[in-house]
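S.K.: pasting the sequence and the predicted model now:
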Amino acid sequence: MDQMDTARILYLSLLLGAIAFYYVIANRRNLGQMLRHAVLWALIFIGALAAVGLWQDVRPRFAPAQISDGAGVITVDRDHSGHFSIIAEVNGAPVEFLVDTGASNVVLSLSDAEKAGVDVDNLAFTGRAQTANGTVRTASVKIDTLTLEGITDDGVRAYVTDGELFGSLLGMDYLRRYDSIEIKQDKLILTR
C-alpha cells in the first residue's frame, strides 16, 4: 500500500466517522432501535461478503450441462450469463472455456495454462492480441490433447495470455474441426 492509498483510507475513515457521529447525535432518542438497525445492516454486509467469497466454490454446481450422444454430437446449454461455456480437458486437466466464435484462436488464461501443465515461467510472450479489454501479450503453445466429451484432438495450437482474462476461450481454430455449429434457442449443438 502506497502513501496515496493510506491517505484515501484515512480520508474515507474520517468521512465515515463524521457521518456516523452525526447519525448517532441526530437519533440519540432512538439509540436502541438504531443499534438494532446497525447490527442488521452489519449482518447483511457480512452475508454479502460471504456470498462473494464462496462464489468460486458454489459456481461449478450451476455450470451448464453439456451432453454427448456418443456419436459426435455435443449439446451445450446456455449458462446463467447468456453465453455457452464448456468444460474440456486440456492435457488431462479440466478447463472451463467460453465458446467464442468471435475469437480466432484457442486462448488459455495464465492460470488455466498452468493447471494444464504448461511451463508458464518459460513462455515467450512475443505476440499481441486485441481483446475487449485492450491489447494483451500472447505466447504460442501446443496443447498435447484437448478432449471434449470423449472427442480428443492432438496437437492443438493455443495462445496463453499474460493479461487479465476472466477465463479461457474456445475460438474458431478449434470450432472449425466440427462439421456443424448450430444454436437453437438456448442450446449450442456441435456435430463432428
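M.R.: Arrived safely.
S.K.: when you work out contacts or count neighbours from here on, use the C-alpha atoms and nothing else.
M.R.: Fine.
S.K.: all strands of the protein, in order?
M.R.: Secondary structure of the chain by DSSP state E: the strands cover 66-68, 73-77, 85-90, 93-99, 106-108, 127-131, 134-148, 151-161, 168-170, 180-184, 187-191.
S.K.: direction-wise, compare the longest one with strand 127-131 and give the angle.
M.R.: Pointing back at strand 134-148 there. Going by axes from the mean of the first three to the mean of the last three C-alpha atoms, to 10 degrees, strand 134-148 is angled at 90 degrees with respect to strand 127-131.
S.K.: so what are the domain limits for the protein?
M.R.: 3-60, 63-191 (automatic domain parsing).
S.K.: just the mean pLDDT for the first one, thanks.
M.R.: Pointing back at domain 3-60 there. Mean per-residue pLDDT for domain 3-60: 82.
S.K.: farthest residue from the center of this structure?
M.R.: residue 29 (48.6 Å; C-alpha atoms, centre = their mean).
S.K.: now the longest helix seen in the chain, how far from the centre of its chain.
M.R.: Counting residues, the longest helix in the chain under DSSP state H turns out to be helix 31-58. Here helix 31-58 is found 25 Å from its chain centre; the criterion is C-alpha atoms, centre = their mean, to the nearest Å.
S.K.: what about the residue nearest the centre of the chain, distance to residue 44?
M.R.: Nearest to the mean C-alpha position of the chain, counting by C-alpha atoms, centre = their mean, stands residue 166 at 3.9 Å. For residue 166, the distance to residue 44 equals 28 Å [C-alpha to C-alpha, to the nearest Å].
S.K.: please apply the same query to residue 115.
M.R.: Residue 115 is 35 Å from residue 44, by C-alpha to C-alpha.
S.K.: the two: which has the busier surroundings?
M.R.: residue 115 (17 against 12; other C-alpha atoms under 10 Å).
S.K.: contact partners of stretch 119-131?
M.R.: 110, 113, 114, 135, 136, 137, 138, 139, 140, 161, 162 (C-alpha atoms under 8 Å, 6 or more residues apart in numbering).
S.K.: now that stretch: average pLDDT?
M.R.: pLDDT averaged over stretch 119-131 gives 85.
S.K.: about what we covered before: just the domains of the chain: most buried one?
M.R.: Greatest average neighbour count among the domains of the chain goes to domain 63-191 (a mean of 16), per mean count of other C-alpha atoms under 10 Å.
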